[in-house]
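Visitor: Sharing a model that was predicted from the sequence below.
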There are 2 protein chains.
Amino acid sequence: MTCPDLRATITRSSRANSQLAISVPVGNPLERMSTPHALLISLIEKPSSGYDLARRFDRSIGYFWHATHQQIYRELGRMAEHGWIAVEQAAAAASVSEGEEAEKRNRKKVYCVLEAGRAELARWVLSPGQGLDQREEILVKLRADAAIGPLGLNEEMARLIALHEARLETYRNIERKDFSTARMDRAQRLQYALLQRGIRFEEDWVAWGRELLPLLTMPAA
Amino acid sequence: MTCPDLRATITRSSRANSQLAISVPVGNPLERMSTPHALLISLIEKPSSGYDLARRFDRSIGYFWHATHQQIYRELGRMAEHGWIAVEQAAAAASVSEGEEAEKRNRKKVYCVLEAGRAELARWVLSPGQGLDQREEILVKLRADAAIGPLGLNEEMARLIALHEARLETYRNIERKDFSTARMDRAQRLQYALLQRGIRFEEDWVAWGRELLPLLTMPAA
DNA sequence: ACAAGCATGTAACTGGTTACATGATTAT
DNA sequence: ATAATCATGTAACCAGTTACATGCTTGT
């Protein structure tokens, strides 16, 4: 256990409980909101401050589940309320243990996942999720282009292709750096599978976009 | 033009304007909210009531941009306020033109896109959108499984594979029914491209899921 | 007469986004 | 000194979801 010890961790869960008592009524709610759980994972991998978490998040889970720093701070607060995580005010310098000048809140807070948090994560993982949602704006735009004549979507499409190409490059770099080794344990193989999902998706997207592009150029005036 | 004529269409846009006057400040806002535009497309294809629209939506644009009926009613109201669409109270029977009993609001309202609506749609189509967002819950769950040991995700994964297979079947049926013809105009070719995007995505998803499945079964107790 | 489905909505809440604010630390 | 960036938040708003409500029409 790398966590700090946990005196005074079970704080106010009163509000959360009273909410639950009201809002559970109908059967099988099919829960949404994965954001806190995504954060739990990141925090299990490495206990961090909100700021730190936000930065790491962008370059790992953030690739398939984005969250802004405000969302992160809000969720950290809630999770602490639920007793899923514990906070530790990290002293900037390890000294000055009982001086009065330490009174000024030295700001950095390090969050760490508690047993209850792990349990919640494990519970959520096995709960049935939605699948097939997949909101893609460009698809709506293409449909609009089909409905009200050629509007010149080629530029926007080219822009998106470039974005997806860049993303693909990022993924391939991660692959080269982290997954070239022959022997991998289960966790590594799973993470590699996630990466491969991303790679294949982007490859496919780019190929599809390139095929489509000629259809989108406006007839010369 | 299949639309009814449009006396009294430019109604209250005052609230919308005053909001805009406040909320535009910083440069290049990168707009979200495609839902109203998706609805515009559906309404251009066929003027309908809210209820009708909700049903059609589920089986066309809804495949890549979902919206509930409450969302639809709300957006219809807003779009009418903006003068993008016109409402026509459809009389159930075409008779009883000036009887007093027609006073009870015969409920069905048919919405129809106005010029301003088409213009807005065209404007939106060319505005730069986000691209790469792609929130998939199962990917977060897999990452959690990598972090806190084998939790038995195989069942959930199998469920999702089945969902994606069903969706793929749906797409293939549409392909067989609507896109078997040799000669296609531009609109048809575009819509076919959208469908192909869906097909390829689902094919790839299912193949990936099947590959992954063995990694997810828990070691026998 | 009653049920199923048509048709339109209101209210309350949750989650995500944007803008704004503030103070501390580190590098030039 | 001053700028960058670390670090944490508040406030307001917008979009999406869920639950509830109501009245009409059509079929059995």
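Guide: Noted; the coordinates are in hand. Residues are numbered from 1 along each chain as shown, chains lettered A, B, ... in the order given.
Visitor: buried set for the longest helix along chain A?
Guide: When chain A is parsed with DSSP state H, its longest helix is helix A:186-216. Of all the residues in helix A:186-216, those buried under the rule 16 or more other CB atoms under 10 Å in any protein chain shown are A:190-206, A:208-209, A:212, A:215-216. In short, each C-beta sits where N, CA and C put it, glycine included.
Visitor: Then stretch A:114-122?
Guide: Buried-residue list, stretch A:114-122, by 16+ other CB under 10 Å: A:Leu114, A:Ala116, A:Gly117, A:Arg118, A:Glu120, A:Leu121.
Visitor: Please see if that stretch touches chain B.
Guide: Yes. Applying CB under 8 Å from any CB of the partner chain, one finds stretch A:114-122 in contact with chain B at A:Arg118, A:Leu121, A:Ala122.
Visitor: Spit out the contact partners of the second one.
Guide: I take that to be A:Leu121. By CB atoms under 8 Å, 6 or more residues apart in numbering or on different chains, A:Leu121 lies in contact with A:His37, A:Leu40, A:Ile41, A:Ile44, B:Ala144, B:Ile148.
Visitor: what residue ranges in chain A score low on pLDDT?
Guide: Along chain A, the model assigns pLDDT under 70 to residues A:1-30, A:90-106, A:220-221.
Visitor: Just the C-alpha atoms of the strand or helix carrying A:Tyr51, please, in PDB.
Guide: A:Tyr51 is part of helix A:50-58 when elements are defined by DSSP states H and E. The C-alpha trace of helix A:50-58 is given here as PDB (Å, rounded to 0.1, in the frame of the first residue of the first chain):
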ATOM      1  CA  GLY A  50      -6.000  17.500  -9.200                       C
ATOM      2  CA  TYR A  51      -3.800  19.600 -11.400                       C
ATOM      3  CA  ASP A  52      -1.400  16.700 -11.900                       C
ATOM      4  CA  LEU A  53      -4.200  14.300 -12.600                       C
ATOM      5  CA  ALA A  54      -5.700  16.700 -15.200                       C
ATOM      6  CA  ARG A  55      -2.400  16.700 -17.000                       C
ATOM      7  CA  ARG A  56      -1.800  13.000 -16.900                       C
ATOM      8  CA  PHE A  57      -5.400  12.300 -17.800                       C
ATOM      9  CA  ASP A  58      -5.000  14.200 -21.100                       C
END
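Visitor: and the next helix or strand after it with helix A:50-58, angle?
Guide: Downstream of helix A:50-58, the next assigned helix or strand under DSSP H and E is helix A:69-82. Helix A:69-82 runs at 110 degrees relative to helix A:50-58, counting by axes from the mean of the first three to the mean of the last three CA atoms, to 10 degrees.
Visitor: now for helix A:69-82, which elements pack on it?
Guide: Here helix A:69-82 touches helix A:14-23, helix A:35-45, helix A:50-58, strand A:85-89, strand A:109-113, helix A:115-126, going by 3 or more CB pairs under 8 Å, 6 or more residues apart in numbering or on different chains; DSSP states H and E.
Visitor: and the last one with helix A:35-45, angle?
Guide: Following the same axes, to 10 degrees, one obtains 120 degrees for the angle between helix A:115-126 and helix A:35-45.
Visitor: So is the next helix or strand after helix A:115-126 next to DNA strand C?
Guide: As assigned by DSSP H and E, the chain's next helix or strand after helix A:115-126 is helix A:137-147. No. Residues of helix A:137-147 contacting DNA strand C under CB under 7 Å from any atom of the strand: none, with a closest distance of 12.3 Å.
Visitor: and helix A:137-147, what does it pack onto?
Guide: Judged by 3+ CB pairs under 8 Å, 6+ apart, the packing partners of helix A:137-147 are helix A:154-178, helix B:35-45, helix B:115-126, helix B:186-216.
Visitor: so which of the ones you listed gets nearest DNA strand C?
Guide: helix B:35-45 (12.4 Å; CB to the nearest atom of the strand).
Visitor: List the buried residues in that closest one.
Guide: In terms of neighbour count (16+ other CB under 10 Å), helix B:35-45 has its buried residues at B:Thr35, B:Pro36, B:His37, B:Ala38, B:Leu39, B:Leu40, B:Ile41, B:Ser42, B:Leu43, B:Ile44.
Visitor: go on, stretch A:162-181?
Guide: For stretch A:162-181, by 16+ other CB under 10 Å, it's A:Leu163, A:His164, A:Glu165, A:Arg167, A:Leu168, A:Tyr171, A:Ile174.
Visitor: For A:Lys108, state which of these is nearest.
Guide: A:Ile174 (28.5 Å; CB to CB).
Visitor: My guess is that closest one contacts A:Leu195. True?
Guide: Yes. A:Ile174 lies in contact with A:Leu195 (CB atoms under 8 Å); the separation is 6.2 Å.
Visitor: would you list the helices and strands packed on helix A:137-147 in CSV and tack on distance to B:Ala67?
Guide: Below are the helices and strands packed on helix A:137-147 laid out as CSV (distance: least, CB to CB, whole Å):
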stretch, distance to B:Ala67
helix A:154-178, 22
helix B:35-45, 5
helix B:115-126, 16
helix B:186-216, 17
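Visitor: Distance to DNA strand C added to those, as CSV?
Guide: Shown next, in CSV, are those (distance: least, CB to the nearest atom of the strand, whole Å):
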stretch, distance to DNA strand C
helix A:154-178, 16
helix B:35-45, 12
helix B:115-126, 15
helix B:186-216, 22
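Visitor: do you know how far A:Glu136 is from A:Phe201?
Guide: 11 Å (CB to CB, to the nearest Å).
Visitor: Same check on A:Ala38?
Guide: 19 Å.
Visitor: All set, thanks.
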